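Participant: build me a model:
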Amino acid sequence: MFDVKLWAGLQHLADNQKVVPIEARTIRELLRKMENQYPGLAEPIKGHVAVSINGVIYRNDWSQELPKGAEIMLIRRLAGG
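Facilitator: Numbering: from 1, shown residues only. Predicted coordinates for the structure are as follows:
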């Protein structure tokens, strides 16, 4: 079980929670379960979030496994260039 921290812009879509407990093995499974539990998160998750795992940011590699005890955050995806 992971406590997933949400940036302030997502909290209102998850019943105003700052931290959401989720059981998952990969980023993909985590995001899918979050969408199912909080349907309002579905749209932002589709293209506006990145996932930070222990400080490493993942933007597209949703197959990444979640290490036991990891610190996980959903953060705003930033455009770069």
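
Participant: ok, residue 40 to residue 18 distance?
Facilitator: The spacing between residue 40 and residue 18, counted by CB to CB, to the nearest Å, is 15 Å. C-beta coordinates here come from the backbone N, C-alpha and C atoms, glycine included.

Participant: give me the distance between the two termini of stretch 38-47.
Facilitator: Length of stretch 38-47, first residue to last, CA to CA, to the nearest Å: 16 Å.

Participant: buried sites along that stretch?
Facilitator: The neighbour-count check on stretch 38-47 (16 or more other CB atoms under 10 Å) flags 38, 41, 44, 45 as buried.

Participant: of all those residues, which comes closest to residue 8?
Facilitator: Proximity of these to residue 8 (CB to CB) peaks at residue 44, which lies at 12.3 Å.

Participant: pretty sure that closest one sits in a helix.
Facilitator: Yes. Residue 44 sits within a helix when classified using DSSP: H, G, I helix; E, B strand; the rest coil.

Participant: where does the prediction get shaky in the protein?
Facilitator: For the chain, applying pLDDT under 70 flags the ranges 79-81.

Participant: ok, longest helix in this protein?
Facilitator: What stands out as the longest helix in the chain, according to DSSP state H, is helix 27-37.

Participant: summarise which helices and strands that one is packed against.
Facilitator: With contacts defined as 3 or more CB pairs under 8 Å, 6 or more residues apart in numbering; DSSP states H and E, the packing partners of helix 27-37 are strand 2-6, strand 19-22, helix 42-47, strand 49-53.
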